[in-house]
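> Return a 3D structure for these sequence lines:
(2 chains)
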Amino acid sequence: MDNMTPVLEVKNISKDFFGNQVLKNINFSMEKGEILGLVGENGAGKSTLMKILFGMNEIAETGGYGGSFFLDGKEAKFTSPFDALDAGIGMVHQEFSLLPDFTTTENIVLNREDRKKSSVLSDIFGNRLDTIDRKAMEKNAIEAINKLGVDLDEDMLVSQMPVGHKEFTEISRELSRVGMKLLILDEPTAVLTESEAETLLMTMKKLSRGGISIIFITHRLHEIMEVCDKILVMRDGVIVSNLDKDKTSIPEITKAMVGREVKGGEGNKEGRDIEKLPDVMKIEHLWVNMPGEIVRDFSISVKKGEILGIGGLAGQGKLGIPNGIMGLYPAGGKVTFEDKEVKLNNPDWCIKNGLAFVSEDRRGVGLLLDESLEWNVTFTAMQAQNKYLKPILGGLIKWRDQKAIEEATNKYIKELQIKCTSSKQKAKALSGGNQQKVCLAKAFALEPKLLFVSEPTRGIDVGAKALVLEALKKANKENGTTIVMVSSELEELRSICDRIAIITDGKVEGILPASSSSEEFGALMISAGKALKKETEK
Amino acid sequence: MKGNLLSGKKAGTFLLNNMVPIMFIVIGGIGIVFSGFSGTAIMNEMMTRLSRNSFLVISLLIPIMAGMGLNFGMTLGAMAGQIGLIFITEWGIVGIPGMVLAAIISTPISILLGWWCGKILNLAKGREMVTSYIIGFFVNGIYQLVVLFMMGSIIPIKSEILLPRGYGIRNTVNLIGIRKCLDNLIPLKIAGVSIPLATFILIALLCVFILWFKKTKLGQDMRAVGQDMEVAREAGIKVEETRIISIIISTVLAGYGMIIYLQNMGTLNTYNSHNQIGMFSAAALLVGGASVDKANIRNVFLGVILFHLMFYVAPYAGKNLIGEAQLGEYFRVFVSYGVITLALVMYEMRKKREGREKGEMLAEAQKEAK
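Numbers count the residues shown, from 1 in each chain, chains lettered A, B, ... in the order given. Purely as a prediction, here's the structure:
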């Protein structure tokens, strides 16, 4: 064995999506049996990099990539994930790809079933008519499960399994392939319970001792510290640090992840005295079951007329807060808004009572992609508040008021500088930034008393970012709309919010005025990391 | 059993999942009482109907396995089978050789039609059932064009099955040459009930084929494709090809099934026989407790017995109760459509219920984690 050639060597990989650079000069290498931790905020380019390594069609369809990578010293040129599988790369995606009515065994050996000797019919009609050999299949599956070293029933149907077992089944499937040497795990612990995650980490160590290299993507830094040999931190498409586990600490990683120009960026120094303002919303012991963004016990009072920022590392639960209150994910606890108790799990109630939400999932939740801008802007207001409707026959029939719809849409197009051909253009034809502006217009059309905005600037260009933030500020100042803004961009929060709450592990870690320095916020997030580490050491 | 609550819940789900067969057992039971038929008469009729219809109903199983729902496109196979029968009648080939030849003629036509139907269904994923239903109507038009205008003019037909005008086949074709030739091949009579043994042997062979097919690589692939096309594709299974094959097999089997069906009937209604075959077969399967995504051989036999028992006794029961035999005829069409609608609604309801239960389980797990 030649121990000098690395299992994987990545040289100068870069990738742009139609001019939008998402990866620049990525260089790193991995040894046999090494576990490489890959961390970075959402949108840092981790998934794109993995898609390149795994030969996903999406990459070729969007113009391929620059640079090259080598497996065992040989340059890899994959045209489909099957090439990558043949070359010994296995990948476990965030979404399970398992068949619910198949057993563990059937899923593990899917399309690689052992066959018995061919029959007459298969001689005539081809080898797809060979009968499959269940005993041999089971043997192979058990072998893979044992390699993983977990307790998995090979006869259980996937639909009856707990989530953890599904994860293990997926990993076993990758392990059962011949010549498997590099395993990519994309946030495997996000859906697992604490104890399941522990088991997974243990099995990862076992696999690495067995000579399999692993790329481990996660938002949970203590897990990285527990199992990884090397840690790559990505930010904005570049590798900002390549750290050795023994010579680093969670604070250092966190700093590398969030710390873009730690010293730069002025905080919001308008210095409004929000302490005197009355409470408009009281949130007590909120829990939200949003996969990957679980809120555990969140309490805060929102003051009337303020802009409250909610920040924190990805996966800690900040996104779950607005999604839970607005009824998009199952939630519990007590939330009062203007002395009325908010009916949780009931979006209709929220909108009728003056709450509005601009979702981080623009294309899924935010927009009717196949409809015109007019519809997108006014639809919710029409549905929930009877706006833009003309009553006919004393309100017996409600007719759409096309003129009012057009007027309102054109007003917002002007105000928010939405670039479009007309108010009749379809929402899907707009660029990301302009789609985001439409989402905002939709929320403004409801004239909410309290507006939740979630990741308002994710994936949009600098110019649009400034406009979106400006529009939020203006709505706050001129209409007195209370705004709760959730964002991973600390600098952005600091620039427009009055105060910022940092969320860790689904709870408030601390609340600071926006004028505090980036270092203070950084410290909060880092102490979060420490707390987590302590917790796992216990 | 863990206490009464759990067993009560289990019984509840059992009732819910088997609602349709239970309903038909009750209807059939009432029908038998009021029809005034003797046990032997009913047994005789059931034997005939089982042998006549089972093969056709079994042809529906494989597309269900591949997740394509009820293949109403089986009418295509039925038409191919009828074309085979028209030719052997023209050529005057009788008995078992005639049936075999009809099957041989139908096979390439079925394969071609099935391949084409499968191609179209691949363009209409998720809407296979309604699409295949409409394809049936469309191909019926082509069938009429061929049988009504091309036979005799382009395709040489000379015997008395030709219309007097010189082209086109008569409305009814007498299949006297093959009438019951398979059913009576091995005569068997037990306690006054005649049993078409040879036909049943053929059906049994088909069942063995289906069971064996489930164990082949292709069968496994179909089950995988049926559960989740994307996952199957990621694993390297050729999803489109597999789906087309499932439709081809179904169409070919439906063609053979139609030949068996018509040898029992003894006459071919050239322009009508195939029309409602798809619907009646699907209804029979659903009555047997199958659903749009799950069906097995047990469903076939239970379904054929219950559905045709209702068919048989309802007119007489209707006559005896209300003095109106028409009621039975009305009832059978009404019930066929009703059963299909009910099965579709229940399928959607079950999917929703499962989704909701999953959500509740997640929320419970969350509470426990706290």
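
> which sections of chain B are below the confidence cut-off?
Across chain B, residues meeting the criterion (pLDDT under 70) sit at B:1-9, B:325, B:328, B:355-356, B:358-370.

> got the residue ranges for the strands in it?
Here chain B has its strands, by DSSP state E, at B:172-174, B:189-190, B:193-194, B:267-269.

> In contact with the residue in the stretch 401-538 of chain A positioned nearest to chain B, which residues?
Proximity to chain B, evaluated over the stretch 401-538 of chain A using CB to the nearest CB, is greatest for residue A:506 at 10.0 Å. Placement of C-beta: from N, CA and C, glycine included. Each residue near residue A:506 by CB atoms under 8 Å, 6 or more residues apart in numbering or on different chains is listed here: A:287, A:294, A:295, A:296, A:297, A:298, A:316, A:317, A:320.

> Can you tell me the closest non-neighbouring residue to it?
Spatially, and ignoring its direct neighbours in sequence, residue A:506 is nearest to residue A:296 (3.2 Å; CB to CB, 6 or more residues apart in numbering or on different chains).

> if I've got this straight, the one you found is in a strand?
Yes: under DSSP: H, G, I helix; E, B strand; the rest coil, residue A:296 falls within a strand.

> Let me see the confidence value for it.
Model confidence at residue A:296, expressed as pLDDT, equals 85.

> how about it, what does it touch?
So, once contact is read as CB under 8 Å, 6+ apart, residue A:296 ends up touching A:287, A:317, A:505, A:506, A:507, B:370.

> picking that back up, for the residue of the stretch 401-538 of chain A closest to chain B, give its distance to residue A:334.
16 Å (CB to CB, to the nearest Å).

> still on that earlier bit, quick one: which of the strands of chain B is nearest residue A:486?
Evaluated over the strands of chain B, closeness to residue A:486 peaks at strand B:267-269, with 69.1 Å, by CB to CB.

> List the neighbouring strands of the closest one plus their orientation.
Sheet pairing here is set by DSSP bridges, and for strand B:267-269 it gives strand B:172-174 (antiparallel).

> For the partner strand, buried residues please.
Using 16 or more other CB atoms under 10 Å in any protein chain shown as the burial criterion, the residues of strand B:172-174 that qualify are residue B:173.

> Other residues contacting it?
Looking at strand B:172-174 with CB under 8 Å, 6+ apart, the contacting residues turn out to be B:85, B:86, B:89, B:161, B:266, B:267, B:268, B:269, B:270.

> Tabulate the strands of chain B (a markdown table), appending distance to residue A:120.
Rendered in a markdown table, the data for the strands of chain B read as follows (distance: least, CB to CB, whole Å):
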| stretch | distance to residue A:120 |
| --- | --- |
| strand B:172-174 | 36 |
| strand B:189-190 | 35 |
| strand B:193-194 | 35 |
| strand B:267-269 | 34 |
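
> closest to residue B:12 out of the ones you listed?
Sorting the strands of chain B by CB to CB, the top spot, which is the nearest, belongs to strand B:193-194 at 38.1 Å.

> partners of that closest one, with directions?
Checking strand B:193-194 against DSSP bridges gives partners strand B:189-190 (antiparallel).

> Please list the residues of chain A that sit near chain B.
Neighbours of chain B within chain A, by CB under 8 Å from any CB of the partner chain: A:81-82, A:97-102, A:106, A:110-111, A:113, A:115, A:122, A:127-132, A:193, A:287, A:289, A:294, A:296-297, A:330, A:332.

> Look up the closest residue to the residue in the stretch 51-200 of chain B that chain A sits nearest to, ignoring the ones flanking it.
Of all residues in the stretch 51-200 of chain B, the one sitting closest to chain A is residue B:67 (10.5 Å; CB to the nearest CB). Using CB to CB, 6+ apart and skipping the chain neighbours, the partner closest in space to residue B:67 is residue B:226 (3.0 Å).

> ditto for residue A:6
If you skip the residues right next to it in sequence, residue A:6 has residue A:29 as its closest partner in space, 4.1 Å away by CB to CB, 6+ apart.

> That neighbour contacts residue A:5, doesn't it?
No: Residue A:29 lies out of contact with residue A:5 (CB atoms under 8 Å); the separation is 9.5 Å.

> Figure out the helix or strand that the nearest residue to residue A:325 once chain neighbours are set aside lives in.
Beyond its immediate neighbours in the sequence, the residue positioned closest to residue A:325 (CB to CB, 6+ apart) is residue A:335, lying 5.7 Å away. Following DSSP states H and E, one finds residue A:335 within strand A:331-337.

> List the neighbouring strands of that strand plus their orientation.
Looking at strand A:331-337 with DSSP bridges, its paired strands and their directions are strand A:279-288 (antiparallel), strand A:340-341 (antiparallel).

> Quick one: closest of those to residue B:344.
Scanning these with CB to CB as the criterion, the closest one proves to be strand A:279-288, at 35.7 Å.

> picking up where we left off before, before we move on, what's the pLDDT of the residue nearest to residue A:6?
The pLDDT attached to residue A:29 in the predicted structure is 90.

> now do residue A:258
Residue A:258 is assigned a pLDDT of 68 by the prediction.

> ditto for residue A:4
In this prediction residue A:4 is given a pLDDT of 64.

> One more: the one 10 residues further on?
Model confidence at residue A:14, expressed as pLDDT, equals 90.

> Please apply the same query to residue A:537.
Value listed for residue A:537 in the pLDDT field: 45.

> same question, residue A:292
pLDDT, residue A:292: 71.

> Can you report phi and psi for it?
Geometry field for residue A:292 lists phi and psi as phi 80, psi -20, criterion degrees, to the nearest 10.

> Quick one: neighbours of the nearest residue to it once chain neighbours are set aside, just the number.
Of all residues beyond its chain neighbours, the one nearest residue A:292 is residue A:190 (4.5 Å), with distances taken as CB to CB, 6+ apart. Around residue A:190 there are 19 other residues, counting by other CB atoms under 10 Å in any protein chain shown.

> which SS class is residue A:190?
Applying three-state DSSP to residue A:190 yields a three-state assignment of coil.

> and if you look at the one 10 residues further on?
Using three-state DSSP as the criterion, the local structure at residue A:200 reads helix.

> My guess is it contacts residue A:192. True?
Yes: under the criterion of CB under 8 Å, residue A:200 lies in contact with residue A:192, with a separation of 6.4 Å.
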